[in-house]
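1. here's a sequence, model it:
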Amino acid sequence: MRGNPSLAKEQTFHVPLVIPDRARYYLAMAFGTPPHQSQAGQSQDPGRSDLPERSPAFDRISLLIWWAILGYAIVLVFGVGFRFVINGLLDDSFYYMQVARNVAEGLGSTFDGVEPTNGYHPLWMWLLVPIHWIWQDSETCTRMGLALGTGIGSIALWNLRTILREQVGSWAAAIGLTLFLWPRFFGQYLNLLETALLLLCYLAIVRLWVSAEPFGRGSLLRFAMLLGLASLARLDTVFLLLTIGGSGALTWILRRPFWPGRTRATSVTDLLPFGLTALCVLPYLFWNWKTFGHLQPISGAMKSAFPEPLLRLEHLTQFPEFVAIQVLALGFIVGGLRRGASPFLRILGLFSIASVLHTTYTVLFMRWAVDRWHFGLLLVVGLLGLPYLAERCRRWIGKRPIDWSKAIGLVILLGIVVWAQSYSLRLRAHRFQADVRDLSEWIEQNTPEDAIFATTDSGILAYFSGRETINLDGLINNYRYRDFVREGRVLDYLNERKVGYILDQYMVGMKDVIEGNYESRPYRLWYRPEDRVSSEITLFRLDEVRRVPVDVRFSLGSAATAPNAIVLWKYRSDRQTR
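-> So this is what the prediction gives:
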């Protein structure tokens with residue numbers, strides 16, 4: 001069969017779907033251009049029969065939006081006070097910064113300076129190390145880390161603009177960049193986490209897929225390398241690896257083509273370049289196994305209860321934007337796998353499958369600490385898929401482009417996201433990261449240099465106090481500490497490490513403690529994979545060292561506030577009961 005070109009051309013990657021004809025038609029209309037008949041009566045490639053509409057005006061507008069996003073990010077990095085900068089970040093951001101600083105100082109991969117840790121995604125941490133070689137000041141390093149993320153994110157957005165402009169149209173490129181200004185999307189651009197780097201890797205994968213046609217050996221090697229880098233940027237990329245690798249293997253078994261522009265069936269040699277992906281990831285996995293005895297980072301082990309499922313729909317209900325994108329992803333799976341789908345729809349379908357797998361895993365096995373930056377796969381689906389659907393809807397309105405209708409739609413969307421950005425900036429005033437940073441600087445000036453602190457959410461305290469700080473929730477600790485938590489022996493660990501102070505940052509709803517009207521209070525530490533309290537520390541009013549009353553927001557996206565207090569206690573092991 002391979003020797004017959006006419007038969008080879010008929011081989012396309014096609015997964016049969018049992019869908020009624022009318023439903024199939026509407027799905028095709030929404031998620032892929034319906035087949036058009038050529039003069040010869042043959043169905044043309046639906047991704048090519050309706051060419052992208054190029055508009056010099058909207059090309060300039062999308063370029064202007066790209067520059068506006070970059071300028072806005074630069075202002076947020078260098079043009080505002082540092083308290084405002086800190087309140088826009090997350091405590092987890094400083095897990096990376098603290099480990100990178102310790103690596104730069106020759107202490108190795110450690111958060112507290114003593115225990116080794118692998119509770120981070122490696123590629124972003126290593127990119128932060130040179131910053132700490134060059135600068136020592138914490139504020140400067142923070143701003144320069146954000147600047148690095150800004151540069152990486154801007155390249156990612158340039159790829160987004162290029163992909164949409166070439167595959168969907170100039171107006172869609174402007175829509176995609178505008179959508180990125182939605183706070184929960186834009187927040188993954190400036191958070192000192194790995195998400196900007198991950199977005200760059202993912203969009204580079206998409207751009208290579210849609211532009212390298214036919215997909216030759218060089219393209220395969222670059223594609224495999226990008227998958228490897230994306231895996232090091234965030235290990236959740238394993239779901240994309242499984243999707244692409246599984247699809248490629250399936251087409252090889254069925255003797256059908258898989259890679260863009262190919263007319264011949266997939267061969268074993270087409271899958272060999274994925275060895276380059278393994279070369280990128282295996283050294284990191286080997287280090288994990290040799291150092292910790294586990295392949296999985298400790299952060300994943302402390303969040304996940306795999307293989308014990310427990311449905312947690314609250315991981316989705318607090319992020320309705322991503323739920324909506326996930327619903328759309330189901331349609332893109334249908335559009336991407338149908339016969340004759342364009343390379344753009346095919347890769348969008350593959351990302352959609354990966355996002356469904358990842359979301360399913362999150363809902364079934366992730367016990368806690370799920371936030372918006374966990375949905376990088378869905379972000380790609382949304383930034384590419386929503387502009388595509390917007391362009392399809394606009395074309396349904398009229399056969400010819402109507403520039404004024406496109407302009408009105410873009411202006412309305414810009415108005416919505418600008419309002420959302422202004423609202424998001426106002427919400428920063430009622431976050432308490434800057435207050436923790438101020439307390440950390442007080443600790444640096446008023447406690448002994450050899451004092452040892454312990455707390456959950458320990459990133460800001462460790463980074464700005466300069467004191468040895470133990471992470472009590474375990475995300476940036478190690479498997480040895482995990483065993484203490486699992487066995488209910490955290491008090492033994494604290495005594496072993498000679499902890500002198502305990503910090504608690506969030507006491508919303510604990511009126512007596514917030515007002516200081518208590519004699520003692522329990523400080524409970526959870527073993528989250530099993531949803532149980534591991535250990536309990538008793539903290540006494542007489543042992544308070546520092547108290548900072550603050551009002552904080554108590555729900556995502558809401559401006560409503562509640563009283564809170566950030567309290568530092570002297571830890572006295574002789575007062576604990578077992």
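
2. hey, let's count contacts and neighbours off CA atoms from now on
-> OK.

3. in terms of contact, does Ala420 touch Pro183 like I think?
-> Yes - using CA atoms under 8 Å, Ala420 makes contact with Pro183 at a distance of 6.6 Å.

4. neighbour-wise, which of these two wins?
-> Pro183 (20 against 16; other CA atoms under 10 Å).

5. any regions of the stretch 401-550 of the chain where pLDDT drops low?
-> Across the stretch 401-550 of the chain, the ranges flagged by pLDDT under 70 are 401-403.

6. mind jotting down where the strands sit in it?
-> 452-455, 468-471, 501-504, 520-527, 532-540, 544-553 (DSSP state E, counting those that start in this stretch).

7. now for the helix or strand where Met225 lies, which elements pack on it?
-> Using DSSP states H and E, Met225 sits within helix 217-233. With contacts defined as 3 or more CA pairs under 8 Å, 6 or more residues apart in numbering; DSSP states H and E, the packing partners of helix 217-233 are helix 122-134, helix 195-211, helix 274-292.

8. what lies in contact with the longest one?
-> Contacts with helix 274-292, where a contact means CA atoms under 8 Å, 6 or more residues apart in numbering, come from 118, 221, 224-229, 231-232, 294-297, 478-479.

9. report the separation between Tyr72 and Lys290.
-> Note on Tyr72: its distance to Lys290, by CA to CA, to the nearest Å, is 44 Å.

10. before we move on, back to that, select, out of the helices and strands packed on helix 217-233, the one closest to Asp59.
-> Counting by CA to CA, Asp59 lies closest to helix 195-211 out of the helices and strands packed on helix 217-233; the figure is 17.9 Å.

11. got the CA positions of that closest one in PDB?
-> Taking Å, rounded to 0.1, in the frame of the first residue of the first chain, the C-alpha atoms of helix 195-211 are listed here in PDB:
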ATOM      1  CA  THR A 195       3.700  30.100  33.500                       C
ATOM      2  CA  ALA A 196       5.100  32.600  31.100                       C
ATOM      3  CA  LEU A 197       7.900  30.200  30.200                       C
ATOM      4  CA  LEU A 198       5.400  27.400  29.800                       C
ATOM      5  CA  LEU A 199       3.200  29.500  27.600                       C
ATOM      6  CA  LEU A 200       6.200  30.300  25.400                       C
ATOM      7  CA  CYS A 201       7.000  26.600  25.000                       C
ATOM      8  CA  TYR A 202       3.500  25.600  24.200                       C
ATOM      9  CA  LEU A 203       2.900  28.300  21.600                       C
ATOM     10  CA  ALA A 204       6.300  27.600  20.100                       C
ATOM     11  CA  ILE A 205       5.100  24.000  19.700                       C
ATOM     12  CA  VAL A 206       1.900  25.200  18.000                       C
ATOM     13  CA  ARG A 207       3.800  27.600  15.700                       C
ATOM     14  CA  LEU A 208       6.200  24.900  14.600                       C
ATOM     15  CA  TRP A 209       3.300  22.500  14.000                       C
ATOM     16  CA  VAL A 210       1.300  24.900  11.800                       C
ATOM     17  CA  SER A 211       4.300  26.400   9.900                       C
END
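
12. which strands or helices does that helix pack on?
-> helix 138-167, helix 217-233, helix 343-365, helix 376-397.

13. domain ranges for this protein?
-> Per automatic domain parsing, the domain ranges recorded for the chain read 56-88+119-429, 431-575.

14. which one of those lies nearest to Val99?
-> domain 56-88+119-429 (7.4 Å).

15. quick revisit: could the helices and strands packed on helix 217-233 be laid out in JSON lines, adding distance to Ala565 and mean pLDDT?
-> JSON lines is the format used below for these (distance: least, CA to CA, whole Å; pLDDT from 0 to 100):
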{"stretch": "helix 122-134", "distance to Ala565": "31", "mean pLDDT": "97"}
{"stretch": "helix 195-211", "distance to Ala565": "31", "mean pLDDT": "96"}
{"stretch": "helix 274-292", "distance to Ala565": "37", "mean pLDDT": "93"}
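
16. give me the most central residue, the chain.
-> Centroid-nearest residue in the chain, with CA atoms, centre = their mean: Trp373, separated by 3.3 Å.

17. could I get the helices and strands packed on helix 195-211 in a markdown table, plus columns for mean pLDDT and mean neighbour count?
-> A markdown table is the format used below for the helices and strands packed on helix 195-211 (pLDDT from 0 to 100; neighbours: other CA atoms under 10 Å):
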| stretch | mean pLDDT | mean neighbour count |
| --- | --- | --- |
| helix 138-167 | 97 | 21 |
| helix 217-233 | 93 | 22 |
| helix 343-365 | 94 | 23 |
| helix 376-397 | 90 | 21 |
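
18. reformat the ones you listed as CSV; add distance to Asn495.
-> Output for these, formatted as CSV (distance: least, CA to CA, whole Å):
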stretch, distance to Asn495
helix 138-167, 30
helix 217-233, 36
helix 343-365, 33
helix 376-397, 40
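
19. looking at those, which is closest to Leu313?
-> Among the helices and strands packed on helix 195-211, helix 343-365 comes nearest to Leu313, with 5.9 Å by CA to CA.

20. by how many degrees do that closest one and helix 195-211 diverge?
-> 140 degrees (axes from the mean of the first three to the mean of the last three CA atoms, to 10 degrees).

21. what's the offset of helix 343-365 from the middle of its chain?
-> Centroid separation for helix 343-365 versus its chain: 14 Å, with CA atoms, centre = their mean, to the nearest Å.

22. convert that helix to CSV, retaining C-alpha atoms only.
-> This file holds the C-alpha atoms of helix 343-365, laid out as CSV (Å, rounded to 0.1, in the frame of the first residue of the first chain):
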residue,chain,number,x,y,z
PRO,A,343,-2.9,21.5,11.0
PHE,A,344,-4.2,24.4,13.2
LEU,A,345,-7.4,22.5,14.2
ARG,A,346,-5.4,19.3,14.6
ILE,A,347,-2.9,20.7,17.1
LEU,A,348,-5.8,22.6,18.9
GLY,A,349,-7.6,19.2,19.2
LEU,A,350,-4.5,17.6,20.6
PHE,A,351,-4.0,20.3,23.2
SER,A,352,-7.7,20.0,24.0
ILE,A,353,-7.4,16.2,24.6
ALA,A,354,-4.4,16.9,26.9
SER,A,355,-6.4,19.6,28.8
VAL,A,356,-9.3,17.2,29.4
LEU,A,357,-6.9,14.6,30.7
HIS,A,358,-5.2,17.1,33.0
THR,A,359,-8.5,18.6,34.3
THR,A,360,-9.8,15.1,35.0
TYR,A,361,-6.7,14.3,37.0
THR,A,362,-7.0,17.6,38.9
VAL,A,363,-10.7,17.0,39.8
LEU,A,364,-10.2,13.4,40.8
PHE,A,365,-6.8,13.4,42.6
